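**Q** turn this into a model:
(2 chains)
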Amino acid sequence: MVDFTPDDTPQLKAWRAEVRAFLEEALPGGFYFDYDYDESPERWEKCLAFWQAVGRKGWTSLSWPTEYYGQGRSAIERYILQEEFCNYAAPNYPVIGLTVASALLRHGTPEQRRVHLKGIAEATVLWGEGYSEPESGSDLASLRTMARRDGDGWVLNGQKTLGTAAHMCHWMVVLARTDPTSERHHGISCFMVKLDTPGITMLPLENMADGRQNQTFFDDVRLPGDALLGTEGEAWNEIWFGQGGEDLVPAGSAPDIWQMRIERQMRLLRQHCETTLRGGRPLIDDPVTRLKLAELYSGVELLKLHSKESYAQTTGSTWHAANPVSSVINLGWFKEFWPHFCQTYMEILGPEGMLSSGPDAPKHGHFEHYFRASFGNHAGGTAQLKRMTMATRGLGLPR
Amino acid sequence: MSIDLSFNETQEMLRSTARDLFERHAPLTKWRDRKGGPDFSRELWAQMAKLGWLGMRAPEDQGGLGCSLVDLYALYLEMGRKLVDTPHLETAVIAVDLLAELGDPAALLADIADGKTVVIPAFFGADGGFRAQDVTLVASGSSQDVHLKGTVSHVRFAADADYLLLAAQENSGLSLFLARADAPGISVTPQPNIARTALSRLDLDLAGKALVRLGKAGAAGETFDRIMGNAAVLVSAEVAGAGESILGMSVDYARNRVQFGVPIGKYQAVQYLCTDILHHYRHTSLLALHAASREDEPDFLLRASMAKAQACLAAPAMTFAAHEVHAGIAFIEDYDLQLYTRRAKLWENSYGDRRAHLDAIAGLW
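**A** Numbering: from 1, shown residues only, chains lettered A, B, ... in the order given. This is a model prediction of the structure:
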């Protein structure tokens, strides 16, 4: 029976209201913060305080098992929680701790879960990513960072790059080759690396949207045996696929807070077009602008529907069930729509769109900043890589 | 169940029955041989009547099946997949909805359901509109003695119609009228077209007893807009259904056609074209399903226009990409793709073109 409503019972409606009430209390008046594109220490601090408050409610780990700091709540409750966070434009959880948690829950040992999940749930321990290397971006399987066995532990050597906000993190998940004779997807393992371990240096890469990414160098870094997450040599299937890199069915789909930033921009854009005069009339009454706004608005609504279809796919309740491409469309389409959205609104704004700050910048420069941020759409895999995945894994075209 | 996008048993049954029926009675080969004939298959029409599909939209207390828009969505996906071309949308959906809601002065509902009577709406000019405000016919005379003089365009299956439904602006708003299709004062000019389907221009000069009013004078606007929303959603479902065929055809070809020693589907340029089709197909099927599920909600017209605006983009984009994948072979009449390309243009321009729907979205949002 076709129904797009997540909260179709009084209990679920009450749950949404509870989430909403918490947000209004925790972030009165809203709080816009994107850790990917913001280096302000005050805002970072406020973001962490917020997520620590979410952690105290037990909501970061809402659907984790109860024996590992979770509440064992349902996928739809998690969906509603996250949808409400999107509606409120709450900041996203920094940085990739939730992905690490999901990998720990699937592939970690009970001891590793006990050690690491609490800090992630409480947002007191932040995790960064150690995937990309200077010569291994889209072709991640060509990575060269090496870990060799040394007694009970490991010695790590190599370099990672483009690590978003890694300088704010305490730990990093690092993909490294453990079998020097291996090639491509085989022989890659995943390590949990404490970033104050001797032998690690980090250099900043300032990105064009005011955020900091990082290069991280590992020189003979000694890791204990339990740094290995999952099966030795199997990280490509266990971790990379599991975090959505090439995965068609990630576990427990929910709306993406980061993607849904776009809805806020849509609201701001509409307000701007209503209040700005162009040629003696409000910009929104210009026939060309009017149709462009309708197109952008429909595109944003479509993204929301794709996240619902993606959820329906993970629960097996879609008439497309035989063709499981919903989640890769959900991810891939956003990567294409986002830059299109920004380019179109810049066209609507005209010269005003260039202004970053000062009294003449529309919406305090948000449009200009968000436009710059849209060049970061490659994070987590380029749109082109998603197309290749769609074509080969989704449609069965030859590799 | 929360967030459930699967069909129920009735809808699955409807789909599989439709798939079987169209496989037997609506082969694509029929289309290829047809060079502009105005007819549709009366045999298929009789089968649809037998299955209850011509009365499926009428409420159960008026002898119908009371089918929801989501039920129809399931059926229209199949119609689109096989390019089924009958006046089902015109007669069994639009006419039935209007007669059931505004009154049935000539008691046509039972005969429509039995397949005996074909009622065709003739509402718009050639400007791509789909709303009450887009109706250009103006009724003159008094409300007791109405005179309708003017032109409507792109009317489907006019030569097969027993009755026409007409819309006209009166002082108080939009009014609807029923007229016998063979009444004097209706002149039919065929409009040969890319889709090789029956389209006509009607020049109307009707008055007095030739026109039977549906409901109250000037009161039809809101109902009319909602029912045009239904039509927009169902055409979008047809585009989605056709998208499934076009995608399948293109992927098969890309996997099997070997050039430079490899299947062309190995080339990213070709993979991009195939994923363009996938995107458009899935965007359209999703937006149309969502709109169908909202038929009784206050945002229905917005959702319907979002679906049709996307379908209007998808129809030409999917067929274009498929032609790029196939190249030479698809330019040949013997190949099926060109049949979809022709029909896609009809869907793109039926019940609101993209401009009209984007304009509606801007007004409703």
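
**Q** got the contact list for residue 317?
**A** In the absence of a named chain, this looks at chain A. Neighbouring residues of A:Ser317 by C-beta atoms under 8 Å, 6 or more residues apart in numbering or on different chains: B:1, B:3-6. Placement of C-beta: from N, CA and C, glycine included.

**Q** try chain B instead
**A** Contacts for B:Ala317 were tallied using C-beta under 8 Å, 6+ apart; they are B:276-277, B:280.

**Q** same question for A:His186.
**A** By C-beta under 8 Å, 6+ apart, A:His186 lies in contact with A:179, A:233, A:236.

**Q** what about the host helix or strand of A:Gln112, distance to the chain center?
**A** Taking DSSP states H and E as the definition, A:Gln112 sits inside helix A:110-122. Relative to the chain's own centre, helix A:110-122 is displaced by 20 Å; criterion: C-alpha atoms, centre = their mean, to the nearest Å.

**Q** follow-up on the earlier one: filter the contacts of A:His186 down to the buried ones, PyMOL style.
**A** Buried subset of the contacts of A:His186, written as a PyMOL selection, criterion 16 or more other C-beta atoms under 10 Å in any protein chain shown:
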select buried, chain A and resi 233+236
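
**Q** can you pull out the strands in the chain?
**A** This is for chain A. A:127-130, A:146-150, A:153-160, A:171-177, A:188-194, A:200-206, A:212-223, A:228-229, A:277-278, A:281-282 (DSSP state E).

**Q** you answered for a different chain; I wanted chain B.
**A** B:119-122, B:139-141, B:146-156, B:163-170, B:173-180, B:186-190, B:199-207, B:212-214, B:258-259, B:262-263.

**Q** mean neighbour count, the strands of chain A: which tops it?
**A** Compared across these, strand A:127-130 shows the largest average neighbour count, a mean of 27 (mean count of other C-beta atoms under 10 Å in any protein chain shown).

**Q** if we can go back for a sec, nearest to B:His25, of the contacts of A:Ser317?
**A** Using C-beta to C-beta, B:Ser6 comes nearest to B:His25 of these, at 27.6 Å.

**Q** wouldn't that closest one be in contact with A:Val2 here?
**A** Yes - B:Ser6 lies in contact with A:Val2 (C-beta atoms under 8 Å); the separation is 7.3 Å.

**Q** so these two - more neighbours on which side?
**A** Neighbours were counted for B:Ser6 and for A:Val2 using other C-beta atoms under 10 Å in any protein chain shown; A:Val2 has more, 24 against 18.

**Q** give me the phi and psi for that one.
**A** phi -70, psi 120 (degrees, to the nearest 10).

**Q** wait, it touches B:Ala292, no?
**A** Yes - between A:Val2 and B:Ala292 a contact is recorded at 7.4 Å, counting by C-beta under 8 Å.

**Q** any shared contact partners between the two?
**A** Counting by C-beta under 8 Å, 6+ apart, the common neighbours of A:Val2 and B:Ala292 are B:Val70.

**Q** I'd like the distance between the residue in chain A sticking out farthest from the centre and A:Asn92.
**A** In chain A, the residue that sits farthest from the middle, by C-alpha atoms, centre = their mean, is A:Gly280; the gap is 42.3 Å. Between A:Gly280 and A:Asn92 the distance, using C-beta to C-beta, to the nearest Å, works out to 41 Å.

**Q** repeat that for A:Phe33.
**A** 8 Å.

**Q** cool, B:Thr189 as well?
**A** Distance, B:Thr189 to A:Asn92, by C-beta to C-beta: 61 Å.

**Q** out of the two, which sits in the busier spot?
**A** Using other C-beta under 10 Å as the criterion, B:Thr189 and A:Asn92 rank with A:Asn92 on top: 20 against 13.

**Q** if you skip the residues just before and after it, what's nearest to the more buried one?
**A** A:Ile257 (4.4 Å; C-beta to C-beta, 6 or more residues apart in numbering or on different chains).

**Q** pretty sure that neighbour contacts A:Asn87?
**A** No - under the criterion of C-beta under 8 Å, A:Ile257 is not in contact with A:Asn87, lying 10.1 Å apart.

**Q** and the stretch 51-200 of chain A, which of its residues are near chain B?
**A** Contact residues (C-beta under 8 Å from any C-beta of the partner chain) of the stretch 51-200 of chain A with chain B: A:76, A:79.

**Q** how about low-confidence regions in the stretch 51-200 of chain A?
**A** Along the stretch 51-200 of chain A, no part satisfies pLDDT under 70.

**Q** related to what we said a few turns ago, relative to B:Ile94, which of the contacts of B:Ala317 is nearest.
**A** Checking the contacts of B:Ala317 one by one against B:Ile94 (C-beta to C-beta), the nearest turns out to be B:His280, at 25.8 Å.

**Q** hmm, the closest one is touching B:Leu313, no?
**A** Yes - B:His280 lies in contact with B:Leu313 (C-beta under 8 Å); the separation is 7.0 Å.

**Q** okay, the two: which has more neighbours?
**A** Here B:His280 and B:Leu313 are set side by side on neighbour count (other C-beta under 10 Å), and the busier one is B:His280, at 25 against 20.

**Q** what about the more buried one, distance to chain A?
**A** 11 Å (C-beta to the nearest C-beta, to the nearest Å).

**Q** can you give me the pLDDT of that residue?
**A** What the model reports as pLDDT for B:His280 is 98.

**Q** so who does it touch?
**A** Here B:His280 is in contact with B:243, B:310, B:313-314, B:317-318 (C-beta under 8 Å, 6+ apart).

**Q** roughly how far apart are A:Leu48 and A:Met168?
**A** 9 Å.

**Q** joint contacts of those two?
**A** The contact lists of A:Leu48 and A:Met168 share A:Pro94, where a contact means C-beta under 8 Å, 6+ apart.

**Q** can you give me the helices for the stretch 151-300 of chain B?
**A** Assigned helices in the stretch 151-300 of chain B, in chain order: B:221-256, B:268-293, B:300-326 (criterion: DSSP state H, counting those that start in this stretch).

**Q** contact residues of the stretch 251-365 of chain B facing chain A?
**A** Residues of the stretch 251-365 of chain B found near chain A (C-beta under 8 Å from any C-beta) are B:251, B:254-255, B:262-263, B:265-266, B:268, B:270-272, B:274-275, B:278-279, B:282-283, B:285-287, B:289-290, B:292-293, B:306, B:309-310, B:355, B:358-359, B:361-362, B:365.

**Q** just the buried ones among the residues you listed, please.
**A** Neighbour counting by 16+ other C-beta under 10 Å classes B:251, B:254-255, B:263, B:265-266, B:270-272, B:274-275, B:278-279, B:282-283, B:285-287, B:289-290, B:292-293, B:306, B:309-310, B:355, B:358-359, B:361-362, B:365 among those as buried.

**Q** circling back to that earlier point, what angle separates the helix holding A:Gln112 from strand A:188-194?
**A** With axes from the mean of the first three to the mean of the last three C-alpha atoms, to 10 degrees applied, the angle from helix A:110-122 to strand A:188-194 works out at 60 degrees.

**Q** output the contacting helices and strands for helix A:110-122.
**A** Other elements packing on helix A:110-122 under the criterion 3 or more C-beta pairs under 8 Å, 6 or more residues apart in numbering or on different chains; DSSP states H and E are helix A:41-57, helix A:97-107.

**Q** and among the ones you listed, the most buried is which?
**A** Stretch with highest mean neighbour count among these: helix A:97-107 (a mean of 21; mean count of other C-beta under 10 Å).

**Q** could you give the angle of that helix to helix A:41-57?
**A** Interaxial angle, helix A:97-107 versus helix A:41-57 (the same axes, to 10 degrees): 40 degrees.

**Q** kindly export helix A:97-107 (C-alpha atoms) in PDB.
**A** The C-alpha trace of helix A:97-107 is given here as PDB (Å, rounded to 0.1, in the frame of the first residue of the first chain):
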ATOM      1  CA  GLY A  97      32.300   8.700  13.500                       C
ATOM      2  CA  LEU A  98      28.900   7.300  12.600                       C
ATOM      3  CA  THR A  99      30.400   5.400   9.600                       C
ATOM      4  CA  VAL A 100      33.100   4.000  11.900                       C
ATOM      5  CA  ALA A 101      30.400   3.000  14.300                       C
ATOM      6  CA  SER A 102      28.500   1.200  11.600                       C
ATOM      7  CA  ALA A 103      31.700  -0.700  10.600                       C
ATOM      8  CA  LEU A 104      32.500  -1.600  14.200                       C
ATOM      9  CA  LEU A 105      29.000  -2.900  14.700                       C
ATOM     10  CA  ARG A 106      29.300  -5.100  11.600                       C
ATOM     11  CA  HIS A 107      32.900  -6.100  11.700                       C
END
